[in-house]
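Enquirer: missing the sequence, but the structure's below:
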């Protein structure tokens with residue numbers, strides 16, 4: 001997100017907002033160090049960018065020095081087991097070490113040749129370092145935990161220009177902080193070692209419901225199905241759910257739209273080729289039997305992919321760049337889906353443009369025991385669903401942007417904040433100006449994160465909006481000023 005900068009769209013106006021003045025195209029930890037040292041010594045605003053996939057606007061700022069890590073990729077090192085540097089223990093799982101800017105698609109592709117995969121995202125351009133610093137959800141999180149839970153070791157450059165290794169034995173505070181505590185805050189990750197897991201077959205069941213807009217049967221049927229998600233999670237099912245109350249308003253179709261619900265269910269390593277179908281078909285049959293005489297249409301397809309990588313190639317999020325969009329999110333505990341108030345809150349949360357409910361948590365996240373602990377939002381350890389909504393606007397139309405942001409923050413996400421006030425939001429996909437961000441993104445971990453930030457970066461070489469310790473500064477025009 002580059003704040004109305006030059007979009008890859010010929011019809012969009014172009015401005016310099018969001019672009020740094022100079023860029024260090026770093027390809028090694030040493031070059032990262034030189035960039036950090038220069039910014040610190042000359043009191044220059046510093047930003048960090050890999051792929052630029054960032055809803056919180058952390059990767060770009062005007063009149064800044066940007067350290068671009070995009071080409072710190074690959075250089076894969078595989079481990080049958082892993083001994084962290086400085087430790088006298090061996091971790092008895094397979095693992096891989098890679099450049100921190102390695103993309104999801106490259107990691108999956110390389111691991112596939114060894115019949116392995118990793119807990120990583122579904123956006124091909126997402127990079128290893130940025131993903132893990134925010135927590136990172138995956139279709140395998142319900143089995144193995146979040147992305148941050150898989151990290152065994154990092155190489156990083158600190159705000160004081162030191163190139164260090166952090167793991168459960170060395171620099172333990174930093175190791176805890178960078179796994180969930182947010183990017184662009186404690187330094188720059190240059191290499192990361194993560195656990196790898198077997199790339200078994202994965203079953204996918206794709207279920208769609210469509211009705212005319214404003215049909216009661218649409219909300220009745222999906223409310224019924226969503227209430228079954230906790231039971232499905234108990235059977236190790238994950239789900240990516242896309243809900244559009246009006247496909248025309250959402251830009252999914254042109255002309256007269258309809259209401260659309262698509263749920264892509266996944267089951268890792270099924271015991272037989274029909275296991276996922278057998279879990280879901282009673283619910284599908286109930287919907288068809290209940291609403292057979294109404295204007296409701298359903299469609300199903302079932303597939304067994306031989307490897308995780310083949311599933312990824314089919315379902316990877318290929319939404320293009322080049323739109324002005326703002327998102328909002330909330331983490332929902334399983335009991336929320338059965339509350340009487342959930343339906344009304346969901347309708348308000350989705351608005352006309354719709355949103356997604358990702359069932360990417362579950363036993364793997366709730367029971368995770370990351371080595372050395374990690375600072376991921378404690379709300380994840382109780383949540384089942386990561387709910388996301390979004391809206392876009394016309395580039396450089398400030399009035400439309402203000403309207404959209406007001407709707408997302410004060411109406412749509414606020415409906416879920418009221419429904420689950422003790423929960424939080426997923427750091428990597430959230431409203432960029434989340435109120436009470438300290439509680440929303442980190443909960444009870446914030447105090448310790450703040451102390452670590454002050455200790456490792458006393459001069460605030462790294463700063464980003466709604467990041468740990470960002471309260472000490474304020475953006476005034478194109479300047480950062482101490483409060």
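Expert: Received the coordinates, thanks. Computed from a prediction, not measured in an experiment: that's the story for all the values here. Residues are numbered from 1 along each chain as shown.
Enquirer: now residue 347: closest residue in space, sequence neighbours ignored.
Expert: residue 219 (6.9 Å; Cβ to Cβ, 6 or more residues apart in numbering). C-beta coordinates here come from the backbone N, C-alpha and C atoms, glycine included.
Enquirer: so what does the helix or strand hosting that neighbour touch, helix or strand wise?
Expert: Residue 219 belongs to helix 216-226 when assigned by DSSP states H and E. Here helix 216-226 touches strand 202-211, strand 259-268, helix 275-290, helix 342-350, going by 3 or more Cβ pairs under 8 Å, 6 or more residues apart in numbering; DSSP states H and E.
Enquirer: now these as CSV including mean neighbour count and mean pLDDT?
Expert: Formatted as CSV, the helices and strands packed on helix 216-226 follow (neighbours: other Cβ atoms under 10 Å; pLDDT from 0 to 100):
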stretch, mean neighbour count, mean pLDDT
strand 202-211, 21, 97
strand 259-268, 22, 97
helix 275-290, 16, 97
helix 342-350, 20, 98
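Enquirer: gap between stretch 372-381 and the chain center?
Expert: How far stretch 372-381 lies from its chain's middle: 14 Å, per Cα atoms, centre = their mean, to the nearest Å.
Enquirer: give me the mean pLDDT for it.
Expert: For stretch 372-381, the mean pLDDT works out to 97.
Enquirer: span of that stretch from start to end?
Expert: Distance between the boundary residues of stretch 372-381 (Cα to Cα, to the nearest Å) amounts to 16 Å.
Enquirer: contacts for it?
Expert: Contact partners of stretch 372-381, identified using Cβ atoms under 8 Å, 6 or more residues apart in numbering, comprise 135, 146, 148-149, 151, 167-168, 172, 175-177, 179-181, 331, 361, 365-366, 368, 423-427, 441-445, 448-449.
Enquirer: name the SS class of the residue nearest the centre of the chain, please.
Expert: Among the residues of the chain, residue 428 comes closest to the average C-alpha position under Cα atoms, centre = their mean, at 4.4 Å. Put simply, residue 428 is coil when judged by DSSP: H, G, I helix; E, B strand; the rest coil.
Enquirer: how about the residue with the largest distance to the centre of the chain, phi and psi?
Expert: The C-alpha centroid of the chain is most remote from residue 293, which lies 39.9 Å away (Cα atoms, centre = their mean). Main-chain dihedrals, residue 293, degrees, to the nearest 10: phi -100, psi 10.
Enquirer: separation between the residue nearest to residue 347 and residue 243?
Expert: To residue 243, residue 219 is 10 Å away according to Cβ to Cβ, to the nearest Å.
Enquirer: cool, and residue 147?
Expert: From residue 147 to residue 243 the distance is 25 Å (Cβ to Cβ).
Enquirer: the more surrounded of the two?
Expert: residue 147 (30 against 25; other Cβ atoms under 10 Å).
Enquirer: the more buried one contacts residue 122, doesn't it?
Expert: No - counting by Cβ atoms under 8 Å, residue 147 does not reach residue 122; the two are 11.9 Å apart.
Enquirer: of the contacts of stretch 372-381, just the buried ones, PyMOL syntax please.
Expert: A single PyMOL command selects the buried members of these (16 or more other Cβ atoms under 10 Å):
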select buried, resi 135+146+148+149+151+167+168+175+176+177+179+180+181+331+361+365+366+368+423+424+425+426+427+441+442+443+445+448+449
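Enquirer: list the ones among the contacts of stretch 372-381 that fall in strands.
Expert: Mapping the contacts of stretch 372-381 onto strands (DSSP state E) picks out 151, 331.
Enquirer: just the ones of the contacts of stretch 372-381 in helices?
Expert: When DSSP state H is applied, those are split such that 172, 175, 176, 177, 365, 366, 441, 442, 448, 449 fall in helices.
Enquirer: rewinding a little: to residue 225, which of the helices and strands packed on helix 216-226 lies closest?
Expert: Among the helices and strands packed on helix 216-226, the nearest to residue 225 by Cβ to Cβ is helix 275-290 (5.8 Å).
Enquirer: residues contacting that closest one, please?
Expert: 203-205, 207, 209, 220-221, 224-225, 228, 232, 235, 237, 265-267, 270, 296, 298, 300, 302.
Enquirer: correct me if wrong: residue 145 contacts residue 370.
Expert: Yes - Residue 145 is within contact range of residue 370, at 7.1 Å (criterion: Cβ under 8 Å).
Enquirer: those two: who's more crowded?
Expert: Taking neighbours as other Cβ under 10 Å, residue 145 and residue 370 compare with residue 145 leading, 30 against 21.
Enquirer: angles on the backbone of the residue nearest to that one when sequence neighbours are not counted, please.
Expert: Spatial nearest neighbour of residue 145, chain neighbours left out: residue 368 (3.5 Å); criterion: Cβ to Cβ, 6+ apart. Per-residue torsions, residue 368: phi -60, psi 140 (degrees, to the nearest 10).
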